[in-house]
Structure formats: structure tokens, C-alpha cells
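Visitor: Here is my input; please provide its structure:
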Amino acid sequence: MDKIFTHIATRIANASGQPITFVFALGLIIVWAATGPVFHYSDTWQLIVNTATTVVTFLMVFLIQNSQNRDASAMQAKLDELIRSVDKAREQFIGIEHLTDLEICEIRDALEKEVGDAQDKQKTADDSVDRLLKRHYRIRRMEARKANAG
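Guide: Numbering: from 1, shown residues only. Now for the predicted structure:
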């Protein structure tokens, strides 16, 4: 089921981003608008476009979200592999996407400080980032143990 859905979602998401799809949708709206006088702008005439756009929008939200989730997961896996393979990279960065927004902001702020500080202050900033990463890593491990125990 997953492979079929992924295949369909990918094809539809790719097709929906093409210029021809926009032209096709625009053409449908123009045809619908042009038929307004023929149908005397009736409630049924309005209901057709309202229903169609609602259904398409509803379904596209899920398809596009699925594509974005897969893209983000693939990108994260690639970044994790780069972090793992680079000698001076801190492996504690692997998995930080599971931290809260506040925790990630703390790490980002410390990294920005690390980059912005002068050379003589570099060691202090390095230690600061390392402390944050180690703290969040310990918390994550403790939470994982609790989840596995419970």
C-alpha cells in the first residue's frame, strides 16, 4: 500500500507543479466562467466549481504533505550521513530534528555565536555548543529509555 501511495503521490505532486497543469486548470476555470450566462449563473453552476475546487484542494493537501515529508526525511538522512562522514563534524547533531524548536534555537544561537566570536574566544563557544548538544543528547537517550521501559 505504501509503495502504491508513494508512487501515486509522487506522480501527482510532480504533475501539479508543471506549467501545463496550471494552464489546464486555468482553462477549466475559463470554460466554467464562460458557461455562466448559459446556465444563468445558477446555484448548480456555482456548486460545480465550489465542489471541484474543495475536493481537489483537500486531496492535494495530503499528497503535497506526503511529498514534503519524504523529501525532508531523505534530506535529513543525507545530512546525517554527511555529518557522520566528516571528521570534524559533531555526531551529536544527528537527530537534532527531534528536539523542540526552543532546543534547536539554543543550539543554532550557540553555533552563530561560535562563528561570530573572535579566534581567541573560539574555544569557549565550541564548549558551549558541545555542552548543549551533550545535554540534549542525554535527555533524548533518557526519554528513549523511558519509552522503551513503559
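
Visitor: elements contacting the helix or strand that contains Asp71?
Guide: Under the criterion DSSP states H and E, the helix or strand holding Asp71 is helix 43-85. Helix 43-85 sits against helix 2-16, helix 19-34, with contacts defined as 3 or more C-beta pairs under 8 Å, 6 or more residues apart in numbering; DSSP states H and E. Using the backbone N, CA and C atoms, a C-beta is placed for each residue, glycine as well.

Visitor: Can you tell me which of the ones you listed has the worst average pLDDT?
Guide: Note on the helices and strands packed on helix 43-85: lowest mean pLDDT is at helix 2-16, with a mean of 89.

Visitor: could you give the angle of it to helix 19-34?
Guide: 70 degrees (axes from the mean of the first three to the mean of the last three C-alpha atoms, to 10 degrees).

Visitor: Can you give me the domain boundaries for this structure?
Guide: Domain segmentation of the chain under automatic domain parsing yields 2-83, 90-149.

Visitor: Give me the distance from the lowest-mean-pLDDT helix or strand in the chain to the chain's centre.
Guide: The weakest-scoring helix or strand in the chain, judged by mean pLDDT, DSSP states H and E, is helix 122-149 (a mean of 72). With C-alpha atoms, centre = their mean, to the nearest Å as the basis, helix 122-149 stands 24 Å off its chain's centre.

Visitor: which secondary structure elements does it contact?
Guide: By 3+ C-beta pairs under 8 Å, 6+ apart, helix 122-149 packs against helix 101-116.

Visitor: on that earlier part again, the helix holding Asp71 relative to helix 19-34, how many degrees between them?
Guide: Using the same axes, to 10 degrees: helix 43-85 against helix 19-34 is 160 degrees.
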